[in-house]
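[1] here is my input, please return the structure:
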Amino acid sequence: MISGKLAGVMLGGMLLVGCTTTPVSLDPAQGSDTVGVGSANVEMGSVTDSRQHGSNWLGAIRGGFGNPLQTLETEEPVSEVVRGQFITGLEQRGMLAQEGEGDFILEVDIEQLDSNQVMRREAHSRLDVTLIEQGSRTIAYENSVRSSNVEGGAGGGVFASIEKLEEILTRTLWETIGEALDDERLHQAIAHGPAEAQVSSELEADIEALRRLRDRGVITEDEYRERVLHLVD
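    Numbering: from 1, shown residues only. Have a look, this model is predicted:
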């Protein structure tokens, strides 16, 4: 029979083992073969972290009582890490514009990003994505995207692999980023251009139509000028 003193020593040793923290980057294991899908017209804006966790916390391998044995954390805030991964995703698709050169700004809010393992490994990601017109700050597109993965673990607790927990979280995050950046509605919003540009194009088309009427003698020069002034006003 194990004495109370010995049991306390063993429990203390297990808790000490549980203090391990692994820094992660969430970089994909290999380069993406994503094909460019658009023009470089989107700047990467701010990423906010609305999770109810520490700014660097990502997940943990837990013991039977829910106590963390190994934890995953980023060296810099999770919001900055996710922002960097979105920049990579935009670059891979040919969509990223340099600061001050894009018609749109992409902003992201992290609603959920975590991974845990007791016996099974699981990871969850939910991101709110907003495309904003550069000049007017009008919202051109918004969406909430999510992804989850669950895997059976060969063993939990101290026998679980922190590297595999990091891998499932990284994969889950990139699935969410891919769903966000590959959404056809996002591409359509970018292709249509800012509302101001659309109004300008419509105005130019109307003026050109009046110019053709004038050149064909359908309206006089004075009528042409009067109608152009009316359009501009």
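
[2] please make it C-alpha for all contacts and neighbour counts, starting now.
    Noted.

[3] any idea which helix or strand comes after the helix or strand bottoming out on mean pLDDT in the chain?
    Lowest mean confidence among the helices and strands of the chain (mean pLDDT, DSSP states H and E): helix 4-17, at a mean of 45. Using DSSP states H and E, the helix or strand that follows helix 4-17 towards the C-terminus is strand 20-24.

[4] which helices and strands does that next one pack with?
    strand 68-74 (3 or more Cα pairs under 8 Å, 6 or more residues apart in numbering; DSSP states H and E).

[5] hmm, who's touching the very next helix or strand once past the strand it packs on?
    Downstream of strand 68-74, the first helix or strand assigned by DSSP H and E is helix 78-92. The contact list for helix 78-92 (Cα atoms under 8 Å, 6 or more residues apart in numbering) reads 25-27, 32, 34-36, 42, 44, 46-49, 55-58, 74, 96, 110, 177-178, 181.

[6] could you redo the last one with a cut-off of 6 Å?
    For helix 78-92, the external contacting residues (Cα atoms under 6 Å, 6 or more residues apart in numbering) are 47-49, 55-56, 96.

[7] which parts of the chain belong to which domain?
    14-192, 197-232 (automatic domain parsing).

[8] packed most tightly, which of the ones you listed would that be?
    Highest mean neighbour count among the domains of the chain (mean count of other Cα atoms under 10 Å): domain 14-192, with a mean of 18.

[9] for that domain, what is the distance to the chain centroid?
    6 Å (Cα atoms, centre = their mean, to the nearest Å).

[10] before we move on, back to that, the domains of the chain: lowest mean pLDDT?
    Set side by side, the domains of the chain differ in mean pLDDT, and domain 197-232 is lowest with a mean of 78.

[11] check which helix or strand Val129 maps to.
    strand 121-133.

[12] after that strand comes which helix or strand?
    Strand 121-133 is succeeded, C-terminally, by strand 139-151 (DSSP H and E).

[13] pairing partners for that next one, with directions?
    The pairing partners recorded for strand 139-151 under DSSP bridges are strand 121-133 (antiparallel).

[14] relative to Thr138, how far out is the nearest residue to Gly100 once chain neighbours are set aside?
    The shortest distance from Gly100 to any non-neighbouring residue, by Cα to Cα, 6 or more residues apart in numbering, is to Glu43 (7.8 Å). Per Cα to Cα, to the nearest Å, Glu43 is found 15 Å from Thr138.

[15] and Ser161, by the same measure?
    46 Å.

[16] what of Arg83?
    Distance, Arg83 to Thr138, using Cα to Cα: 21 Å.

[17] now swap in Glu75 and tell me
    34 Å.

[18] do Asn116 as well
    38 Å.

[19] check Leu231 too.
    For Leu231, the distance to Thr138 - Cα to Cα - is 24 Å.

[20] also Phe86?
    According to Cα to Cα, Phe86 and Thr138 sit 21 Å apart.
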